[in-house]
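> Below is the sequence, then the predicted model.
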Amino acid sequence: MGLVAGCGNPVERSGTPFSVSEQPGTVLAPSAAQTEYHSVLQPGAAQLPAYLPLLQGKRVGLVVNQSSLVGRTHLVDTLKSRGVQLTAIFAPEHGFRGEAADGATIADGRDARSGVPVRSVYGKTKKPTPEMLADVDVLVFDIQDVGTRFYTFISTLHYVMEAAAEQGKSVIVLDRPNPNGAVVDGPVLEARHRSFVGLDPLPICHGLTVGELAKLLNGEKWLAEGRQCPLTVVPLKGGYTHATPYVLPVRPSPNLPTARAVALYPSLCLLEGTNVSVGRGTDRPFEVAGAPTQPATRPYQFTPRPNAGSPTPPLNGQLCYGLDLRQPAPGEPAEFFSVKYLLDFYQQSTDKSHFFTKYFEQLAGTDSLRAQVVAGRSEAQIRASWQPALVRYKAIRKKYLLYPER
């Protein structure tokens, strides 16, 4: 489910090559202060001396997408130019280039510039098979996350680590900031709602970088049969904290085009399990929300139409009444999670009997949230019900933090 401004090397797909120089998508816009911070902060991928020695003499598989940059150069190009033996690129949701629509099956292919095979881990096969890893000794994971349980790149991380543990491969995670890193909130996933949009007992906002999450998955033995994989995390340098505001330099996926969309994503994604559109099929995905079953007196209207990120958007061609959320409310924090939008749209729906879809519980991770909304519980009452599981999760999380909270 996944924000990208140009992802990687040329890849052949159905005989059509593309080039990183095309820079698909748009670069997000950090402030001057954030730009200065970006110049100091070093993601794991930029720290070549820390991990190049671990790749020497090894057959290397890369789990990467358009966010896997070292400066302005894709990690594939960077490692290839240094003589690393790349035997496979594993493409997650949205593909190696990051332009495939949400949920679209990713096909195998080949990187036209380097000649490295591209193997899909977002289609029929989401967990690398023994055949897919036969020519790989070490897997390098370098994908930007946005700090939410239902963002599928962390499910890919789980399955990559699980396959590595089963097949005796090592994993190197090149860490990147979490743009929602100050938020630990929401219901914790219940096992019966486990799916690719939630594999592990995490709250909706998990408050970890991918490196910290990898350490937690290993340390808590959350991989299948309690296995652990040989794991190395290359941490961030430059004073990163979980409370430091960070605007991503490129979109992490097609429908998260702005920093505001990234901030709203944890809250609005719950509406994907309802009859409300979150703006897919517009130029403002995850910044607007509405539905034909909302009052026409709502202050904002939009009509979803097919576009590159959403070829078949929900409520395609239907006039939706709702909210324009591009401007934060007075006093609203830069990073947050709230069920206020869910409660508001349910309360004002003119078709409550069809408001929720069967997908809602997979996103929420619990049976209780739907029942609480229908029963008219307040946000404070709903939040109180999460606290016992959140307290337990926070105690686990604390053991694996690599960076200060503030």
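Sure, I can see it.
> May I have the predicted confidence score for K127?
The predicted local confidence for K127 comes out at a pLDDT of 97.
> How about A104?
The model reports A104 with a pLDDT of 67.
> So, low pLDDT: which residues of the stretch 101-250 of the chain?
Within the stretch 101-250 of the chain, the stretches with pLDDT under 70 are 101-105.
> Where do the helices of the stretch 201-350 of the chain begin and end?
Counting by DSSP state H, counting those that start in this stretch, residue ranges of the helices within the stretch 201-350 of the chain are 210-219, 259-268, 340-348.
> Turn those into JSON lines, including mean neighbour count.
Every residue, glycine included, has its C-beta placed from N, CA and C. Putting these into JSON lines (neighbours: other CB atoms under 10 Å) gives the following:
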{"stretch": "helix 210-219", "mean neighbour count": "22"}
{"stretch": "helix 259-268", "mean neighbour count": "24"}
{"stretch": "helix 340-348", "mean neighbour count": "18"}
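> Relative to P306, which of the ones you listed is closest?
Proximity to P306, assessed across those by CB to CB, is greatest for helix 259-268 (19.1 Å).
> Name the residues that touch that closest one?
With CB atoms under 8 Å, 6 or more residues apart in numbering as the contact definition, helix 259-268 has outside contacts at 3, 28-30, 146-148, 151, 179-180, 183, 185-186, 204-205, 247-248, 252, 255-256, 278, 284-287, 289, 325-326, 328, 334-342.
> The residues you listed, buried ones only, as a ChimeraX selection?
The following ChimeraX line selects those of those that are buried, judged by 16 or more other CB atoms under 10 Å:
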select :3,28,30,146,147,148,151,179,180,183,185,186,204,205,247,248,252,255,256,278,284,285,286,287,289,325,335,336,337,338,339,341,342
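> quick one: the lengthiest helix in the chain to helix 210-219, angle?
Residue-count comparison of every helix in the chain, with assignments taken from DSSP state H, identifies helix 379-398 as the longest. Orientation check (axes from the mean of the first three to the mean of the last three CA atoms, to 10 degrees): helix 379-398 against helix 210-219 gives 80 degrees.
> helices or strands up against helix 379-398?
Judged by 3 or more CB pairs under 8 Å, 6 or more residues apart in numbering; DSSP states H and E, helix 379-398 is in contact with strand 185-188, strand 203-205, helix 210-219, helix 368-374.
> export these to a markdown table and tack on distance to E131?
Formatted as a markdown table, the entries for the helices and strands packed on helix 379-398 read as follows, by distance: least, CB to CB, whole Å:
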| stretch | distance to E131 |
| --- | --- |
| strand 185-188 | 35 |
| strand 203-205 | 35 |
| helix 210-219 | 24 |
| helix 368-374 | 40 |
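> nearest to V173, of the ones you listed?
Relative to V173, the nearest member of the helices and strands packed on helix 379-398 by CB to CB is helix 210-219, separated by 4.6 Å.
> which residues sit against that closest one?
If you take CB under 8 Å, 6+ apart as the criterion, helix 210-219 is touched by 44, 141, 143, 145, 153-154, 157-158, 161, 171, 173-176, 178, 200, 206, 208, 222-223, 228-229, 231, 233-236, 396-397, 399-403.
> go on, stretch 224-239?
Outside stretch 224-239, the residues within contact range by CB under 8 Å, 6+ apart are 37, 40-45, 47, 50-51, 54, 161-162, 164-166, 169-177, 209, 211-212, 214-215, 218-219, 221, 223, 402-403.
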